[in-house]
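>>> My questions concern the predicted model and sequence given below.
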Amino acid sequence: MTFTSAGTEWTIKHEVKEVPFGMLLPKVVLTALCIVQGLIPFVYFQVIIQVFQKAKGSILTGPFNQLNLNDNIFTAMNGISISIPGFANGAASAATPVVILLVVAAAFIIARLFRNSGGSTDREVPTWLCGYTDLNNLNRYRDRSMFSSLKKFLWWTGGNVK
């Protein structure tokens, strides 16, 4: 059984199609930017610092220039390190994309090993509808029966009370 199945009446007779590539392209671009920013954060980190240091008229320009972030924040391929004044050897790595990339790669390898273990195979089966073989109005909860008591209680809102 499906719960309310809002908007599924038209799918009974029509085949569902994916949106065109032009509508998916912005999602792909934003996803790629997020991944690149996570794996190579030092490029974006320096840009953000420079934006705040050079933004005339911003209330953040003064604090960013007074902190002298270029002496306390170091960016390199192995991540971003922060040097805290007053602490000996105060450099702490805040982001290490190489380590993150290795952990993600190891997770994919382990997942692949688990997937292929025990002789498991991929197979396609029809969608399970709690024992029903077809999605139609006989096996669908619809809003008119489910919310009828609520509509009767809120009769003063002008809803269809039948």
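Sure, I can see it. For clarity, every value in this text was computed on a predicted model and none was experimentally measured.
>>> The helix or strand hosting Phe52: which residues count as buried?
Under the criterion of DSSP states H and E, Phe52 resides in helix 41-54. Neighbour-count burial for helix 41-54, counted by 16 or more other Cβ atoms under 10 Å, picks out Pro41, Phe42, Phe45, Ile49, Gln53. (C-beta placed from N, C-alpha, C; glycine too.)
>>> tell me which of those is nearest to Thr31?
Nearest to Thr31 among the buried residues of helix 41-54, counting by Cβ to Cβ, is Pro41 at 16.4 Å.
>>> Show the subsequent helix or strand relative to the helix or strand of the chain with the lowest mean pLDDT.
Least confident helix or strand of the chain, by mean pLDDT, DSSP states H and E, is strand 91-95 with a mean of 57. Later in the chain than strand 91-95, the nearest helix or strand by DSSP H and E is helix 97-116.
>>> What segments of the protein are helices?
Taking DSSP state H, the helices of the chain run over residues 21-39, 41-54, 61-66, 69-72, 97-116, 143-146, 148-153.
>>> What's the mean pLDDT across the fourth one?
Helix 69-72 comes out with an average pLDDT of 65.
>>> swap in the second one?
The pLDDT scores in helix 41-54 average 79.
>>> which other helices and strands contact it?
helix 61-66, helix 69-72, strand 73-76, strand 79-83 (3 or more Cβ pairs under 8 Å, 6 or more residues apart in numbering; DSSP states H and E).
>>> and the angle from that helix to helix 21-39?
On the basis of axes from the mean of the first three to the mean of the last three Cα atoms, to 10 degrees, helix 41-54 is oriented at 90 degrees to helix 21-39.
>>> Now do helix 41-54 against helix 97-116, angle only.
Going by the same axes, to 10 degrees, helix 41-54 makes 140 degrees with helix 97-116.
>>> C-alpha coordinates for helix 41-54, CSV please?
C-alpha atoms of helix 41-54 as CSV (Å, rounded to 0.1, in the frame of the first residue of the first chain):
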residue,chain,number,x,y,z
PRO,A,41,40.4,23.8,0.3
PHE,A,42,43.5,26.0,0.3
VAL,A,43,42.5,27.6,-3.0
TYR,A,44,39.1,28.7,-1.8
PHE,A,45,40.4,29.5,1.7
GLN,A,46,42.9,32.1,0.4
VAL,A,47,40.2,33.6,-1.9
ILE,A,48,37.8,34.0,1.0
ILE,A,49,40.5,35.6,3.2
GLN,A,50,41.4,38.1,0.4
VAL,A,51,37.8,39.0,-0.2
PHE,A,52,37.3,40.0,3.4
GLN,A,53,40.7,41.8,3.6
LYS,A,54,40.0,43.8,0.5
